[in-house]
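Trainee: The following block contains a protein sequence and its predicted model.
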Amino acid sequence: MKSIIVGTAGHIDHGKTALVKALTGIDADRLEEEKRRGITIDLGFAHLDLPGADGEVLRLGFVDVPGHERFVRNMLAGVGGIDLVLLVIAADESIKPQTREHFDILQLIGLKRGITVITKSDAVDRDTLDVVRLEVEDFLRGTFLETPKSPVVAVSSLTGAGLEDLKQAIVAVAAQVEPRNSQALARLPIDRVFTMKGFGTVVTGTLISGAIRREEELEVFPQGLRVRVRGVQVHGQSADVAVAGQRTAVNLAGASPEDLARGMTLAPPGTLATTRRLDVQLRLLPSAPRSLKNRTRVHFHSNTMETVAEIGLYGAKELRPGETAFARVSVPEAQLLLPGDRFILRQFSPVVTIGGGVVLDAAPIFSRRRAASLPALEQMLDVFASQHEGMILTMRVTRHGMRGLSMEEAVAETGWTREKVGMVVAVLKAECSLMQFQDRMFAEHELKLAQASLLDAVTAFHKKDPLRPGMGKSELQEEMAHAPAMASELFDTALSALVREKRLEFAGELVRVPGQGAVMKDEEAESKKKIEDAFASAGLKVPALSEVLAGLKVDKGRAQKIVTLLLRDRILIKVSGELVFHRSALEELRQRLTAYKAKSSKMDVTQFKDLAGVSRKYAIPLLEYLDRERVTRRVGDAREIL
Ligand SMILES: Nc1nc2c(ncn2[C@@H]2O[C@H](COP(=O)(O)OP(=O)(O)O)[C@@H](O)[C@H]2O)c(=O)[nH]1
Ligand SMILES: [Mg+2]
């Protein structure tokens, strides 16, 4: 059994509802007001089984939409789930404004299949019918409904003329409709909510992907409410399961009608993620009344949902009618959308359809200003068009670099089931184009990049700290966690690989490049302490450095290295040539100067000698050092304390 959703489209009073009734026997105008006024206000539903092209039963669910321009937003809520459109044009009126607007919408949402139905054939003579047919064929040229690829059928719902031809045409076109993705997570965009005596809360919608079973738990997106499926109906009959492409009603436990509304979506709990930002490709209709300026606010419709949205154009100030561009869509409240979802834009005032397009990314990471965004989006579009699942997943993993993508994130970003993601990953791993460490996936080249980053970091560490034995593993990991972030799974794998390849080694918890990271032996540590102590206890009356070094156990070269380290860490400070002080001594000198300044801000060399308690030999280099440090300033023969 194949299930297909057939939607109507076309101007008001052109006979859409009458046609659905003539085909199915069901009056889709279900509201009392609709029956009284004789116009369709909201979506209507009907169904019909036909023998399919291959002998299988073809189950048709009809979505009848309102034609009135005031109810286009209701039409938009219904058009998202359809597989095949009946574009209805009355023979006595031919093409009218909502014929055009609805047809624009059908093209913008990327519909592929349909039939053009010229209704009310009984109301005109043969010649008029022929003229209308020519007009219609002209109107459809170059579109997905172009003849003879797509049929044009003339019917009268009144007399029944042409209805059999139309049914045959539907069967033929339905055979070309590609089945909906049943390996994707279930998504049921809600189009109706009501209570039914004995059942409680019921919602309906077109199941656009996956399957829904009785007793299953579902989540209401974007609200996050958990509900249980008490019962499933497909085309008005109880069923154990509803599958993608079927008109579906579910009876829910855990929610009252007030909790639910058109525009919300049912999906498996804890799987998908809502978003306030989308990257899209959008097209402005040639008939749009004006250019779309960057940051324009518009009405955004997708599936049964509508919201206001701001359009940020990538790399352009405005989009002219007929042009296509990449854009970042921002919505005020998080919504559930996935790559491949189509949308329609309508302007604020007057409210008319101006464009639409396709969601490329519902978890965008590019900044709109970054030059890299455009090629990345261009690539995303290509990959998307290829429909190659391996390429789609590889792209989604690759763009996260060394951060990688977890299985859970992959499910949320693609809308595929975990099993499906697992299958695609298995193929990609076998092809060596993807790696998986624990639950996280990385592009194949990331391991090499990660290894290079680790080696660089440890090498830089040795250069900076030649006398430290190695870099703490956690210190190394911490450093790797920043731009670009490296996931801990990749860090662990890359580090183990480097150790295995003997390019890095462990010394306890410390990581080092083999042969580097001089281990400070006991005598070196002892020497370091001796030097430090000698200068710390000397105050400003420092010994000569060479004298201190001569008294050490270590050789001259290593002693010099230790001094370099002490100078770099500013434990010792070189004031001039051979003259080195401990930082505590200089700090104390500064404090004495500050205290002196309270009495007088001027001092000469003699006064300084007294203050510091040093001879002239030390006083002059110290004063010059203080001048350089902007603690004092030379004024003639005296100093001013700053
Ligand atoms: N003569 C004639 N009238 C029709 C035919 N189909 C619909 N109508 C009439 O056209 C009017 C509008 O039809 P309806 O189905 O409500 O149009 P909709 O607004 O497109 O749904 C109604 O009065 C119908 O009776 C037809 O095939 N022949
Ligand atoms: Mg109608």
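Mentor: Okay, I see it. Residues are numbered from 1 along each chain as shown. Ligands and ions are numbered 1, 2, ... in the order given.

Trainee: Contacts only, for Gly52.
Mentor: Counting by Cβ atoms under 8 Å, 6 or more residues apart in numbering, Gly52 touches Lys2, Leu58, Val171, Ala174, Ala175. (Each C-beta comes from the backbone N, C-alpha and C, glycine too.)

Trainee: So how do I select the buried members of those residues in PyMOL?
Mentor: Only the buried entries of the contacts of Gly52 go into this PyMOL selection, using 16 or more other Cβ atoms under 10 Å:
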select buried, resi 2+58+171+174
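
Trainee: Dump the contacts of Gly52 to JSON lines, plus secondary structure, pLDDT and distance to ligand 2.
Mentor: What follows is these, written out as JSON lines (DSSP: H, G, I helix; E, B strand; the rest coil; pLDDT from 0 to 100; distance: Cβ to the ion, whole Å):
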{"residue": "Lys2", "secondary structure": "strand", "pLDDT": "86", "distance to ligand 2": "26"}
{"residue": "Leu58", "secondary structure": "strand", "pLDDT": "93", "distance to ligand 2": "24"}
{"residue": "Val171", "secondary structure": "helix", "pLDDT": "96", "distance to ligand 2": "24"}
{"residue": "Ala174", "secondary structure": "helix", "pLDDT": "94", "distance to ligand 2": "22"}
{"residue": "Ala175", "secondary structure": "helix", "pLDDT": "93", "distance to ligand 2": "27"}
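
Trainee: Just the pLDDT for the residue nearest the centre of the chain.
Mentor: Note on the chain: the residue nearest the mean C-alpha position is Ala363, at 1.0 Å, using Cα atoms, centre = their mean. Looking at Ala363, its pLDDT stands at 91.

Trainee: Work out for me the element the nearest residue to it once chain neighbours are set aside sits within.
Mentor: Excluding the flanking residues, the one nearest Ala363 by Cβ to Cβ, 6 or more residues apart in numbering is Glu413, at 4.9 Å. Secondary structure from DSSP states H and E places Glu413 in helix 407-414.

Trainee: for the protein, longest strand please?
Mentor: Longest strand of the chain, by residue count under DSSP state E: strand 324-335.

Trainee: what's that strand in contact with?
Mentor: Strand 324-335 has contacts (Cβ under 8 Å, 6+ apart) with 222, 274-284, 300, 302, 305, 307-316, 319, 343, 357, 360, 364, 368, 373-374, 377-378.

Trainee: Weed out the non-buried ones from the residues you listed.
Mentor: Neighbour-count burial (16+ other Cβ under 10 Å) applied to the contacts of strand 324-335 gives 222, 274-275, 277-284, 300, 302, 305, 309-314, 319, 343, 357, 360, 364, 368, 373, 377.

Trainee: buried set for stretch 236-251?
Mentor: Neighbour-count burial for stretch 236-251 flags Ala239, Ala242, Val243, Ala244, Gly245, Gln246, Arg247, Thr248, Ala249, Val250, Asn251 (criterion: 16+ other Cβ under 10 Å).

Trainee: how long is it end to end?
Mentor: One end of stretch 236-251 to the other measures 12 Å (Cα to Cα, to the nearest Å).

Trainee: any idea of the mean pLDDT for it?
Mentor: 92.

Trainee: how far is it from where the chain is centred?
Mentor: Counting by Cα atoms, centre = their mean, to the nearest Å, stretch 236-251 is centred 31 Å from the centre of its parent chain.

Trainee: Likewise for stretch 550-565?
Mentor: 57 Å.

Trainee: For it, buried residues please.
Mentor: Buried residues in stretch 550-565 (16+ other Cβ under 10 Å): Leu552, Val554, Arg558, Ala559, Lys561, Ile562, Val563, Leu565.

Trainee: so where's the stretch 201-350 of the chain uncertain?
Mentor: Flagging of the stretch 201-350 of the chain using pLDDT under 70 yields an empty set of residue ranges.

Trainee: Please enumerate the strands of it.
Mentor: In the stretch 201-350 of the chain, the segments counted as strands under DSSP state E, counting those that start in this stretch are 211-213, 217-221, 225-234, 237-239, 241-243, 247-253, 265-267, 275-284, 292-293, 296-302, 305-313, 318-319, 324-335, 342-346.

Trainee: Nearest to ligand 1, out of the ones you listed?
Mentor: Nearest of those to ligand 1, taken as Cβ to the nearest ligand atom: strand 247-253 at 18.6 Å.

Trainee: counting contacts, what elements does the closest one pack onto?
Mentor: Using 3 or more Cβ pairs under 8 Å, 6 or more residues apart in numbering; DSSP states H and E, the elements in contact with strand 247-253 are strand 188-196, strand 200-206, strand 225-234.

Trainee: Pick the most buried one from these.
Mentor: Mean neighbour count (mean count of other Cβ atoms under 10 Å) peaks for strand 200-206 among the helices and strands packed on strand 247-253, with a mean of 22.

Trainee: By mean pLDDT, point me to the weakest helix or strand of this protein.
Mentor: Within the chain, confidence by mean pLDDT, DSSP states H and E is lowest for helix 556-568 among all helices and strands, at a mean of 83.

Trainee: what packs against that helix?
Mentor: Applying 3+ Cβ pairs under 8 Å, 6+ apart, we find helix 556-568 packed against helix 522-538, helix 545-550, strand 572-576.

Trainee: returning to that earlier point: make JSON lines out of the helices and strands packed on strand 247-253 and add distance to ligand 1.
Mentor: Output for the helices and strands packed on strand 247-253, formatted as JSON lines (distance: least, Cβ to the nearest ligand atom, whole Å):
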{"stretch": "strand 188-196", "distance to ligand 1": "18"}
{"stretch": "strand 200-206", "distance to ligand 1": "19"}
{"stretch": "strand 225-234", "distance to ligand 1": "25"}
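
Trainee: Let's have those in CSV, adding distance to Val63.
Mentor: Formatted as CSV, these follow (distance: least, Cβ to Cβ, whole Å):
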stretch, distance to Val63
strand 188-196, 8
strand 200-206, 7
strand 225-234, 14
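
Trainee: Need those in CSV (columns: distance to ligand 2).
Mentor: Output for these, formatted as CSV (distance: least, Cβ to the ion, whole Å):
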stretch, distance to ligand 2
strand 188-196, 16
strand 200-206, 18
strand 225-234, 24
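
Trainee: From what I see, Pro289 and Gly355 are in contact.
Mentor: No. Counting by Cβ atoms under 8 Å, Pro289 stays clear of Gly355, with 11.3 Å between them.

Trainee: Counting neighbours, go ahead and name the busier of these two.
Mentor: Between Pro289 and Gly355, counting by other Cβ atoms under 10 Å, Gly355 is the more crowded of the two (28 against 10).

Trainee: hang on, the earlier thing: can you classify the residue nearest to the centre of the chain by secondary structure?
Mentor: Under DSSP: H, G, I helix; E, B strand; the rest coil, the three-state class of Ala363 is coil.

Trainee: circling back: next secondary structure element downstream of the helix holding Glu413?
Mentor: Downstream of helix 407-414, the next assigned helix or strand under DSSP H and E is helix 418-430.

Trainee: got the CA coordinates for that next one in PDB?
Mentor: Provided in PDB are the C-alpha atoms of helix 418-430 (Å, rounded to 0.1, in the frame of the first residue of the first chain):
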ATOM      1  CA  ARG A 418      20.200   6.700  15.700                       C
ATOM      2  CA  GLU A 419      20.100   3.400  13.800                       C
ATOM      3  CA  LYS A 420      20.300   5.200  10.500                       C
ATOM      4  CA  VAL A 421      23.200   7.400  11.700                       C
ATOM      5  CA  GLY A 422      24.900   4.300  12.900                       C
ATOM      6  CA  MET A 423      24.500   2.600   9.500                       C
ATOM      7  CA  VAL A 424      25.900   5.600   7.600                       C
ATOM      8  CA  VAL A 425      28.800   5.900  10.100                       C
ATOM      9  CA  ALA A 426      29.700   2.200   9.600                       C
ATOM     10  CA  VAL A 427      30.000   2.700   5.800                       C
ATOM     11  CA  LEU A 428      32.100   5.900   6.200                       C
ATOM     12  CA  LYS A 429      34.400   4.200   8.700                       C
ATOM     13  CA  ALA A 430      34.900   1.300   6.300                       C
END
